[in-house]
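*Asks:* Pasting the sequence and the predicted coordinates here, then a few questions.
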Amino acid sequence: MPRFSWTSARVAEALGVPAAGHELRTYSGISTDTRTLRTGELFVALRGQHFDGLEFVARAAQSGAPGAVVERRPQGVPDDFELFVVDDALRALGQLAAVRRHALDPTVVAITGTSGKTTTRELTVAALGDRAYASPGNYNNLVGLPLSILGAPEDSDIWVLELASNQLGEIEQLARIAEPDCAVITSVSEGHLEGLLDLQGVMEEKLALLSSLRAGGRALVCDEPAELARQARQRFPDVRTVGLSGEADVRPESWSVSADGIAWRWSGVDFRLTGYGTHLIRDALFALAVVELFGVDARQAAKRLRLVKPLPMRGELRQLAEVTLLVDCYNANPASFRAALDSLSALAAGRRRAVLAGTMLELGEQSQALHERVARSIAEEGIELIAATGEFTAAFAGLADELGERLIRARELDVAYRELAARLRGDEVVLIKASRAMKFERAVPLFERDYGGKGQLRISGTHA
């Protein structure tokens with residue numbers, strides 16, 4: 001028998017509106033999309049920049065919805081169609097999720113960070129085993145998080161939820177909905193600066209996750225920058241740092257990275273993970289710090305982590321007949337670029353290195369300066385071939401004389417690829433790095449076509 005059900009009275013109470021006259025009506029779930037709505041579900045008519053859910057209420061009724069949450073009364077619905085009229089449908093969706101979170105009362109682990117949150121979420125759930133539920137895909141914003149909660153199975157006693165933000169105040173709103181028992185901040189670096197303004201704005205936004213931590217809860221934060229832990233401890237009493245530095249509270253006893261994966265020793269147990277880059281060890285340590293709170297045996301966690309499958313475009317390693325590709329184009333910011341460069345150099349181990357660099361988005365007024373900073377890092381790394389596109393075209397302008405024939409500048413990806421391909425010898429390791437919207441994965445089939453056919457996907461990294 002279900003532990004939770006949506007009655008008309010419960011919906012009205014959650015939204016703080018008068019009962020609509022069908023107190024005994026029961027809804028089978030909540031939907032925001034008429035394309036996937038199932039008979040018996042309550043439709044929430046969200047309003048976005050390019051759509052108004054009110055226009056789809058009649059379609060929802062035709063698809064079997066007995067009622068809807070709306071911001072104003074629609075036309076063309078049956079007389080017995082139940083309407084809950086609210087000021088803000090998006091806020092209402094969060095209110096419904098918060099009610100379900102309280103009613104089912106699982107232990108909630110909430111994860112945020114500029115980079116690494118998706119991988120940390122996946123590793124945490126894998127290490128916890130069947131006890132845990134994870135928010136699906138990129139369901140991590142003011143729409144996705146409530147839908148994650150509303151769709152969580154009733155028999156999962158641990159929810160691992162991902163929270164993301166590109167505007168000041170979003171994490172605070174998400175935290176109020178999730179009310180975490182454990183808060184995880186995987187990283188703080190320059191990202192989404194169009195909305196978060198600067199590095200301190202990013203830090204303030206991520207630290208807002210601690211604002212709704214339940215009494216007796218735990219906070220886990222990255223050991224770098226050190227200011228993150230200092231400010232976290234001003235807000236919450238129980239904070240542990242996680243990372244590779246000697247100062248981190250949770251750190252490996254030893255670790256190694258190779259083309260075959262990463263290995264480390266923690267709590268007297270040897271761990272191995274299919275993946276590439278030291279940043280993946282950090283994400284795995286966050287997962288282990290979480291599962292330790294739930295009494296999961298470290299050896300059992302090690303067995304489960306060995307089975308984790310790679311995540312696409314987050315440091316994928318593709319071995320072709322003639323070149324090796326490091327595909328890291330799901331996300332890009334200065335910190336993730338630095339981590340990708342470190343991975344490239346470690347992987348190359350004496351082979352020639354090449355970088356196909358694309359624009360880092362959402363950096364606001366600091367975009368030019370940050371692109372120039374990354375360009376300088378690439379140049380100082382001594383990368384043998386650099387193909388700069390988009391915003392990096394201008395960022396490398398001042399380095400053109402210094403780099404000479406090592407540098408290719410082309411606004412478009414296809415042009416940059418052709419010029420880069422003409423200079424490859426066939427023994428290089430090539431990093432493909434850009435923000436997701438640039439769709440730099442388009443370069444992969446070009447390499448596959450020209451350098452030995454389709455390679456096996458071997459390794460995945462961490463940035464999310």
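*Replies:* The structure has been received and is ready for your questions. These numbers come from a predicted model, not from an experiment.

*Asks:* Can you give me the distance of the nearest residue to residue 259 once chain neighbours are set aside to residue 360?
*Replies:* Setting aside the residues directly before and after it, residue 259 is nearest to residue 347 in space (CB to CB, 6 or more residues apart in numbering), at 6.0 Å. For every residue, glycine as well, the C-beta is placed using N, CA and C. Using CB to CB, to the nearest Å, residue 347 is found at 22 Å from residue 360.

*Asks:* These two - which one has more neighbours?
*Replies:* Taking residue 347 and residue 360 together and counting by other CB atoms under 10 Å, residue 360 has the greater number of neighbours (27 against 21).

*Asks:* Quick one: classify that one as helix, strand or coil.
*Replies:* Reducing the assignment to helix, strand or coil with DSSP: H, G, I helix; E, B strand; the rest coil, the entry for residue 360 is coil.

*Asks:* In this structure residue 352 contacts residue 431, no?
*Replies:* No: with contacts defined as CB atoms under 8 Å, residue 352 does not count as touching residue 431, sitting 12.0 Å away.

*Asks:* In terms of neighbours, single out the busier of these two.
*Replies:* residue 431 (28 against 17).

*Asks:* Where does the more buried one sit: helix, strand or coil?
*Replies:* Here residue 431 is recorded as strand under three-state DSSP.

*Asks:* Show the pLDDT at it.
*Replies:* Reading off the per-residue confidence, residue 431 sits at a pLDDT of 96.

*Asks:* and it, bridged to which residues?
*Replies:* residue 326, residue 355 (DSSP bridges).

*Asks:* any idea how far it is from residue 327?
*Replies:* Between residue 431 and residue 327 the distance, using CB to CB, works out to 8 Å.

*Asks:* How about the secondary structure of the residue sitting furthest away from the middle of the chain?
*Replies:* If you look at how far each residue of the chain sits from its centre, by CA atoms, centre = their mean, the farthest one is residue 79, at 43.1 Å. For residue 79, the assignment made with three-state DSSP gives coil.

*Asks:* count of neighbours near residue 445?
*Replies:* 10.

*Asks:* Which residue ranges of the stretch 301-450 of the chain form helices?
*Replies:* In chain order, the stretch 301-450 of the chain shows helices spanning 334-348, 367-380, 391-395, 400-403, 413-423, 443-450, with DSSP state H, counting those that start in this stretch as the criterion.

*Asks:* May I see the ones you listed organised as a markdown table, with mean pLDDT added?
*Replies:* Compiled in a markdown table, these are given as follows (pLDDT from 0 to 100):
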| stretch | mean pLDDT |
| --- | --- |
| helix 334-348 | 89 |
| helix 367-380 | 95 |
| helix 391-395 | 97 |
| helix 400-403 | 96 |
| helix 413-423 | 95 |
| helix 443-450 | 93 |
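
*Asks:* TSV please, covering these and showing distance to residue 60.
*Replies:* What follows is those, written out as TSV (distance: least, CB to CB, whole Å):
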stretch	distance to residue 60
helix 334-348	40
helix 367-380	41
helix 391-395	42
helix 400-403	57
helix 413-423	41
helix 443-450	40
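
*Asks:* do you know which of those helices lies nearest residue 87?
*Replies:* Minimum separation from residue 87 across the helices of the stretch 301-450 of the chain (CB to CB) falls at helix 367-380, 35.9 Å.

*Asks:* helices or strands up against the closest one?
*Replies:* Packed against helix 367-380 by the contact rule (3 or more CB pairs under 8 Å, 6 or more residues apart in numbering; DSSP states H and E) you find helix 334-348, strand 353-357, strand 385-388, helix 391-395.

*Asks:* For residue 63, which of those is the nearest?
*Replies:* It's helix 334-348; of these, that one is closest to residue 63 (CB to CB) at 41.2 Å.

*Asks:* Just the buried positions in that closest one, please.
*Replies:* Under the neighbour-count criterion of 16 or more other CB atoms under 10 Å, helix 334-348 has 334-341, 343-344, 347-348 buried.

*Asks:* What distance do you get for the closest residue to residue 217 other than its chain neighbours to residue 215?
*Replies:* Of all residues beyond its chain neighbours, the one nearest residue 217 is residue 181 (4.9 Å), with distances taken as CB to CB, 6+ apart. Separation of residue 181 from residue 215 (CB to CB) stands at 10 Å.

*Asks:* out of the two, which sits in the more crowded spot?
*Replies:* Neighbour count, other CB under 10 Å: between residue 181 and residue 215, residue 181 has more, with 19 against 5.

*Asks:* Look up phi and psi at that one.
*Replies:* Summarising the backbone geometry of residue 181 under the convention degrees, to the nearest 10, its torsions are phi -90, psi -20.

*Asks:* Now tabulate the helices and strands packed on helix 367-380 in JSON lines and tack on distance to residue 427.
*Replies:* Formatted as JSON lines, the entries for the helices and strands packed on helix 367-380 read as follows, by distance: least, CB to CB, whole Å:
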{"stretch": "helix 334-348", "distance to residue 427": "10"}
{"stretch": "strand 353-357", "distance to residue 427": "11"}
{"stretch": "strand 385-388", "distance to residue 427": "12"}
{"stretch": "helix 391-395", "distance to residue 427": "25"}
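
*Asks:* Ok, which of those comes nearest residue 115?
*Replies:* Go through the helices and strands packed on helix 367-380 one by one with CB to CB and the one that ends up closest to residue 115 is helix 334-348, at 4.8 Å.

*Asks:* Centre of the chain to that closest one, how far?
*Replies:* For helix 334-348, the distance between its averaged C-alpha position and the chain's averaged C-alpha position is 19 Å (CA atoms, centre = their mean, to the nearest Å).

*Asks:* same deal with stretch 140-149?
*Replies:* In this view, stretch 140-149 has its centroid 13 Å away from the chain centroid, taken as CA atoms, centre = their mean.

*Asks:* By mean pLDDT, flag the weakest helix or strand of this structure.
*Replies:* Least confident helix or strand, the chain: strand 456-459 with a mean of 36, by mean pLDDT, DSSP states H and E.

*Asks:* Residue 288 falls within a helix, correct?
*Replies:* Yes: going by three-state DSSP, the assignment for residue 288 places it inside a helix.

*Asks:* Residue 184 versus that one, what's the distance?
*Replies:* Relative to residue 184, residue 288 is positioned 12 Å away (criterion: CB to CB).

*Asks:* what does residue 248 give?
*Replies:* Distance from residue 248 to residue 184, by CB to CB: 14 Å.

*Asks:* When the two are compared, which one has more neighbours?
*Replies:* Counted by other CB under 10 Å, residue 248 and residue 184 do not tie: residue 184 has more neighbours, with 30 against 20.

*Asks:* can you tell me which helix or strand the more buried one belongs to?
*Replies:* strand 182-185 (DSSP states H and E).

*Asks:* what lines up beside that strand in the sheet?
*Replies:* Taking DSSP bridges as the criterion, strand 182-185 sits next to strand 107-112 (parallel), strand 218-222 (parallel) in its sheet.

*Asks:* Could you list the alpha-carbon positions for the longest one in PDB?
*Replies:* Spelled out, it's strand 107-112. Listed next in PDB are the C-alpha coordinates belonging to strand 107-112 (Å, rounded to 0.1, in the frame of the first residue of the first chain):
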ATOM      1  CA  THR A 107      17.900  10.800   4.100                       C
ATOM      2  CA  VAL A 108      18.900  13.400   1.500                       C
ATOM      3  CA  VAL A 109      22.400  14.000   0.200                       C
ATOM      4  CA  ALA A 110      22.500  17.200  -1.800                       C
ATOM      5  CA  ILE A 111      25.500  17.800  -4.200                       C
ATOM      6  CA  THR A 112      26.600  21.000  -5.800                       C
END
